[in-house]
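**Student:** any chance you can model this:
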Amino acid sequence: MAAQRGFTLIELMVTVAIIAVLATLSLPVLEVSRQRAREADLRHALREIRTALDAYKAAALAGEIDTAPEASGYPPNLEVLVQGAPYKDKERKGRLYLLRSLPRDPMEPRAELPAEATWALRSYSSEAADPQAGDDVYDVRSRSNKLGLNGAAYSTW
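**Tutor:** Modelled structure (predicted):
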């Protein structure tokens, strides 16, 4: 009679225990990498919106788009960056589009909110220490007060 070959119950239990320990150790690393990816998305979205805001202001200063004489030159809302601003020169057809679509704040957990509602807005007339929304959009920031991996709150980025 040939001897049966296989694993003993103890060998299987040790193997399962080692795999469980390795899986437990890898979870924090996975969470940090997910947070790092969301932070990179936040940086990219902020850079994209802020670049569009600056381009709108430059177009207003150059007289390319219609703005009210008393306006700061910044857009009245974020949707203008997507919907386009009409050119001042009536000979020039179309609109000045600065964004294809408005990015969402990746730190906002509520998916039902429209993209514009996920951002905290700062008007040109508000102080940097106390940013408030107003008649225009000078800057955007995240509404999240959670801390990033760098120790700073996302709302201060």
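
**Student:** top helix in this protein by residue count?
**Tutor:** Identified as the longest helix of the chain according to DSSP state H is helix 9-61.

**Student:** tell me which helix or strand comes right after that one.
**Tutor:** Downstream of helix 9-61, the first helix or strand assigned by DSSP states H and E is helix 79-83.

**Student:** buried set for that next one?
**Tutor:** For helix 79-83, the neighbour count (16 or more other CB atoms under 10 Å) marks 80, 81, 82 as buried. C-beta: built from backbone N, CA, C; applies to glycine.

**Student:** now stretch 118-136
**Tutor:** 118, 119, 121, 122, 123, 131, 134, 136.

**Student:** got TSV for the buried residues of helix 79-83, with pLDDT too?
**Tutor:** TSV is the format used below for the buried residues of helix 79-83 (pLDDT from 0 to 100):
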residue	pLDDT
80	94
81	95
82	95
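
**Student:** can I get these in TSV with distance to residue 62?
**Tutor:** Below are the buried residues of helix 79-83 laid out as TSV (distance: CB to CB, whole Å):
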residue	distance to residue 62
80	17
81	17
82	21
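
**Student:** which one of the residues you listed is nearest to residue 47?
**Tutor:** residue 81 (13.7 Å; CB to CB).

**Student:** contact partners for the closest one?
**Tutor:** 49, 52, 53, 56, 75, 97, 98, 99, 102 (CB atoms under 8 Å, 6 or more residues apart in numbering).

**Student:** which of these are buried?
**Tutor:** 49, 52, 53, 56, 75, 98, 99, 102.
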